[in-house]
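Asks: structural data only, the sequence is not supplied:
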């Protein structure tokens, strides 16, 4: 506990100093006046602070929702309960993180004797993550208002800030397309039908001749066709790289943010179309895992596993991660590897490990492309700096295309999308795999 002077004391000392200077009194040396005023200030502060109510006479509580979505507003409330026998003025400062964007982190309130006071503010978090404010600083002002006791009070709470689901509309559109395919209608792209048998029905003018079931036709005496639907209860596993390459910023945020949004959208689409979706997030080691399931709250479980992940400034261990995935998923599944198509990283770490998974699983490698680099590659060269920038951008894009081509040579589906399109193109790749029976 510490003793702190108040603003009122400063005003009192200033008033005394002005009075000494203005009134027609004997003029003592300036240093003696200053020393006397300082001594008076210290003594008065100490006496008033010691006369203040003890901190133990108050209890504090911080209330807020357990989960807030980044970019949305929520309320934080402080509850102060007094057991003191007289009214007390309190000044409280909370250690809410700056990224929570609290409208107020401090409050000054007068608490009646034996009463409860509530003070609230709003927060609007800028980024996802886990926040655990652990204390507040409390000043208890003395009876004269000249001195106060200050003490740090432990006050622990946990606030989980989840990422915003920016690709929700794209996910809903993919779900509608998938359901149209399930009921046997042709999609606009005409990519085919499912391969899981659904029922026998009478032949219609829009049915394919090759779908006729000749045994049933002979038995009933009229043309009968087999109908199929997209396969259900398949497994989709998002393999999320959280290593160094995902720390690079694209469109103002790390690549990992775009990948997290894409995983959320993929989980929404897969689970609502009857498949199981899971997650393995890794860096130097496995950092988070969600077993594949088709539960109603599966997307929430995926979000809960990813919301606190931050990029590691080290190389990711792809062989260990793929061995972990293969050991848990021996049946064929769709593995969606979210990383970056940076040529050195792919050649050194991803490509050597691909044979571990391509023998059994359908593998999709997805990354987000930087539109700023594309802009530099197409911008006119007006000076030496712009020439060098353009050459570097053209070279980087060429390396990226070459890396994608090499991955396709391994039998891998590659999705290289700009920000805002990664989730949609991943959903397209997933639907295409279901329609063509590859999953």
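Replies: Received the coordinates, thanks. On a predicted model such as this, the values are computed, not experimentally measured, just so you know. Numbering: from 1, shown residues only.
Asks: separation between the residue nearest the centre of the chain and residue 364?
Replies: Of all residues in the chain, the one closest to the mean position by CA atoms, centre = their mean is residue 163, 3.3 Å from it. The gap separating residue 163 from residue 364 is 21 Å, by CB to CB, to the nearest Å. Heads up, the C-betas are built off the backbone N, CA and C, glycines and all.
Asks: the stretch 151-300 of the chain: helices as residue ranges?
Replies: 168-182, 214-220, 255-272, 298-306 (DSSP state H, counting those that start in this stretch).
Asks: residues contacting the second one, please?
Replies: Going back to what we said before, that points to helix 214-220. 200, 223, 224 (CB atoms under 8 Å, 6 or more residues apart in numbering).
Asks: one more time with 10 Å, if that's ok
Replies: 200, 201, 202, 203, 213, 222, 223, 224, 225, 226 (CB atoms under 10 Å, 6 or more residues apart in numbering).
Asks: off-centre distance for it?
Replies: Centroid displacement of helix 214-220 relative to its chain, using CA atoms, centre = their mean, to the nearest Å, is 57 Å.
Asks: mind listing what's buried in stretch 78-97?
Replies: 78, 80, 82, 84, 88-94, 96-97 (16 or more other CB atoms under 10 Å).
Asks: again, but for stretch 372-386
Replies: 373, 376, 377.
Asks: again with stretch 206-222
Replies: For stretch 206-222, by 16+ other CB under 10 Å, it's 207, 213, 216, 217.
Asks: which of those lies closest to residue 328?
Replies: Of all those, residue 328 sits closest to residue 213, with 38.6 Å by CB to CB.
Asks: hmm, the closest one is touching residue 203, no?
Replies: Yes - between residue 213 and residue 203 there is a contact under CB atoms under 10 Å: 9.5 Å.
Asks: shared neighbours of the two, anything?
Replies: 223, 224, 225.
Asks: how many neighbours does the nearest residue to residue 122 once chain neighbours are set aside have?
Replies: Nearest residue to residue 122, sequence neighbours excluded (CB to CB, 6 or more residues apart in numbering): residue 103, at 4.9 Å. By the criterion of other CB atoms under 10 Å, residue 103 has 12 neighbours.
Asks: mind listing the strands for the stretch 1-150 of the chain?
Replies: 2-5, 58-63, 67-69, 74-82, 88-94, 106-111, 116-123, 129-131, 135-141, 147-154 (DSSP state E, counting those that start in this stretch).
Asks: pairing partners for the fifth one, with directions?
Replies: Strand 88-94 sits in its sheet next to strand 106-111 (antiparallel), strand 135-141 (antiparallel), going by DSSP bridges.
Asks: among those strands, which is the most enclosed?
Replies: strand 135-141 (a mean of 20; mean count of other CB atoms under 10 Å).
Asks: beta partners for residue 58?
Replies: Residue 58 has these beta-bridge partners by DSSP bridges: residue 82.
Asks: tell me the contacts of it?
Replies: By CB under 10 Å, 6+ apart, the neighbours of residue 58 are 80-84, 88, 90, 92, 111, 117, 138, 140, 153.
Asks: could these be laid out in JSON lines, adding pLDDT?
Replies: Formatted as JSON lines, these follow (pLDDT from 0 to 100):
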{"residue": "80", "pLDDT": "94"}
{"residue": "81", "pLDDT": "94"}
{"residue": "82", "pLDDT": "92"}
{"residue": "83", "pLDDT": "89"}
{"residue": "84", "pLDDT": "87"}
{"residue": "88", "pLDDT": "88"}
{"residue": "90", "pLDDT": "89"}
{"residue": "92", "pLDDT": "92"}
{"residue": "111", "pLDDT": "90"}
{"residue": "117", "pLDDT": "94"}
{"residue": "138", "pLDDT": "88"}
{"residue": "140", "pLDDT": "84"}
{"residue": "153", "pLDDT": "90"}
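Asks: tell me where the model's unsure across the stretch 1-150 of the chain.
Replies: 1-52, 144-147 (pLDDT under 70).
Asks: now with 90, please.
Replies: 1-58, 83-91, 113-114, 138-150 (pLDDT under 90).
Asks: go on, the stretch 251-400 of the chain?
Replies: In the stretch 251-400 of the chain (pLDDT under 90), the answer is 274, 294-296, 313-314, 330, 342-345, 348, 374-375, 377-389.
Asks: where exactly do the strands run in it?
Replies: Under DSSP E, counting those that start in this stretch, the stretch 251-400 of the chain gives strands at 253-254, 276-282, 286-293, 334-338, 362-368.
Asks: parallel or antiparallel, list what pairs with the fourth one.
Replies: Strand 334-338 has the following sheet partners, assigned by DSSP bridges: strand 235-241 (parallel), strand 362-368 (parallel).
Asks: in it, what counts as buried?
Replies: In strand 334-338, counting by 16+ other CB under 10 Å, buried: 334, 335, 336, 337, 338.
Asks: what's the closest non-adjacent residue to residue 170?
Replies: Per CB to CB, 6+ apart, closest to residue 170 is residue 424, 4.1 Å.
Asks: what about the one you found, distance to residue 152?
Replies: From residue 424 to residue 152 the distance is 49 Å (CB to CB).
Asks: ok, the two, which is more surrounded?
Replies: Between residue 424 and residue 152, residue 424 has the larger neighbour count (other CB under 10 Å), namely 19 against 15.
Asks: by contact count, what packs against the helix or strand containing the more buried one?
Replies: Under the criterion of DSSP states H and E, residue 424 resides in helix 422-435. Contacts defined by 3 or more CB pairs under 10 Å, 6 or more residues apart in numbering; DSSP states H and E place helix 422-435 against helix 168-182, strand 235-241, helix 255-272, strand 334-338, strand 362-368, strand 413-417.
Asks: ok, now which ones touch the closest residue to residue 162 other than its chain neighbours?
Replies: Counting by CB to CB, 6+ apart, residue 162 lies nearest to residue 307, which is 4.8 Å off, once chain neighbours are set aside. Going by CB under 10 Å, 6+ apart, residue 307 touches 67, 69, 70, 128, 129, 130, 160, 161, 162, 163, 260, 288.
Asks: taking those, please make a PyMOL selection of just the buried ones.
Replies: Of those, the buried ones can be selected in PyMOL as follows, counting by 16+ other CB under 10 Å:
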select buried, resi 69+70+128+129+160+161+162+163+260+288
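Asks: JSON lines for the contacts of residue 307, including distance to residue 179?
Replies: Converted to JSON lines, the contacts of residue 307 look like this (distance: CB to CB, whole Å):
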{"residue": "67", "distance to residue 179": "29"}
{"residue": "69", "distance to residue 179": "27"}
{"residue": "70", "distance to residue 179": "30"}
{"residue": "128", "distance to residue 179": "30"}
{"residue": "129", "distance to residue 179": "35"}
{"residue": "130", "distance to residue 179": "36"}
{"residue": "160", "distance to residue 179": "32"}
{"residue": "161", "distance to residue 179": "33"}
{"residue": "162", "distance to residue 179": "27"}
{"residue": "163", "distance to residue 179": "26"}
{"residue": "260", "distance to residue 179": "26"}
{"residue": "288", "distance to residue 179": "30"}
